[in-house]
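Participant: Next comes the sequence, and after it the predicted model I'd like to discuss.
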Amino acid sequence: MRARAFALLVCCSLGCSDGASREKPPAAPSDPAALTEKEAVDPAVAAPAPEQPAKPPLPPSEPWIREGFAAVSIRDEVPLCVFSDYEEHHKFEFFEQVKRQKLKADSPVVIGAFGPWCVNEACDDRPSLQCSVEREGNTLVVHSRYWGARKQGPCKDGVCQPVTAGCLSAALEAGDYTVQHGSESFPFRVPGVLRRPCFGDPLTPPEP
């Protein structure tokens with residue numbers, strides 16, 4: 001009897017209760033709102049993509065040209081000279097200086113190309129010149145190209161600067177030959193002496 005009364009006293013002091021009166025566990029967090037049918041199919045609707053930055057403009061086709069200058073390209077029009085070899089070609093900076101040339105049989109010749117006008121730092125920028133030669137029978141077909149930039153507007157010519165290029169032909173046996181360069185042609189004989197080894201006139205610089 002005493003044991004039962006003690007048990008009842010302990011239970012009351014600890015707050016005993018039956019299962020119905022026990023404290024309820026905390027409620028689970030609610031689920032996020034369900035996606036609509038369109039959002040479930042197309043995620044971009046729920047999370048739009050960030051706006052893409054505008055593309056930068058394309059660079060100019062000839063970025064090397066300085067402000068106030070314009071590109072110049074000349075094909076198969078510059079003055080040419082026929083030399084016996086590269087050593088002779090390197091002796092002369094301008095075609096007006098070239099002296100007669102002695103050509104030998106069974107040896108190549110060098111075709112020298114020169115700047116189209118008085119190329120100078122005051123009016124011209126980054127001048128370049130190249131040439132090539134190919135034999136077709138007894139004709140040497142020469143191609144040349146000058147390119148650079150020419151100042152726009154008034155331009156006071158300065159000191160002429162040498163702009164040259166040389167190209168080597170195949171060995172030429174004795175005979176008569178012709179150099180074909182654009183609309184110009186130049187006959188010569190091997191072996192022989194060219195008292196006037198140059199042809200073609202300087203060009204007029206382009207208008208500003």
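Facilitator: Arrived safely.
Participant: ok, Val142 to Glu136 distance?
Facilitator: 11 Å (C-beta to C-beta, to the nearest Å). Just so you know, the C-beta spots here come from the backbone N, C-alpha and C atoms, and that holds for glycine as well.
Participant: between these two, who's got more neighbours?
Facilitator: Val142 (22 against 9; other C-beta atoms under 10 Å).
Participant: where exactly do the helices run in this protein?
Facilitator: Secondary structure of the chain (DSSP state H): helices located at 2-13, 37-41, 43-46, 86-89.
Participant: Kindly report which one of these carries the lowest mean pLDDT.
Facilitator: Lowest mean pLDDT of the helices of the chain: helix 2-13, a mean of 39.
Participant: give me the number of residues near Val119?
Facilitator: Applying other C-beta under 10 Å, I find that Val119 has 22 neighbouring residues.
Participant: scratch that, Gly182
Facilitator: Gly182 - counted by other C-beta under 10 Å - has 14 other residues nearby.
Participant: what sits against it?
Facilitator: Arg75, Asp76, Glu77 (C-beta atoms under 8 Å, 6 or more residues apart in numbering).
Participant: Let me know the pLDDT of the second one.
Facilitator: If I follow you right, that is Asp76. pLDDT, Asp76: 98.
Participant: For Leu80, see how far away the residue nearest to it when sequence neighbours are not counted is.
Facilitator: Nearest non-adjacent residue to Asp76, counting by C-beta to C-beta, 6 or more residues apart in numbering: Gly182, 3.3 Å away. Distance of Gly182 to Leu80, given as C-beta to C-beta: 10 Å.
Participant: next one: Pro202
Facilitator: 12 Å.
Participant: who has more neighbours, these two?
Facilitator: Leu80 (25 against 15).
Participant: Looks like that one contacts Val110 (just checking).
Facilitator: No: Leu80 lies out of contact with Val110 (C-beta atoms under 8 Å); the separation is 10.6 Å.
Participant: Can you report how many residues lie near Gln97?
Facilitator: 12.
Participant: again but with Val179, I slipped
Facilitator: For Val179, using other C-beta under 10 Å, the count is 21.
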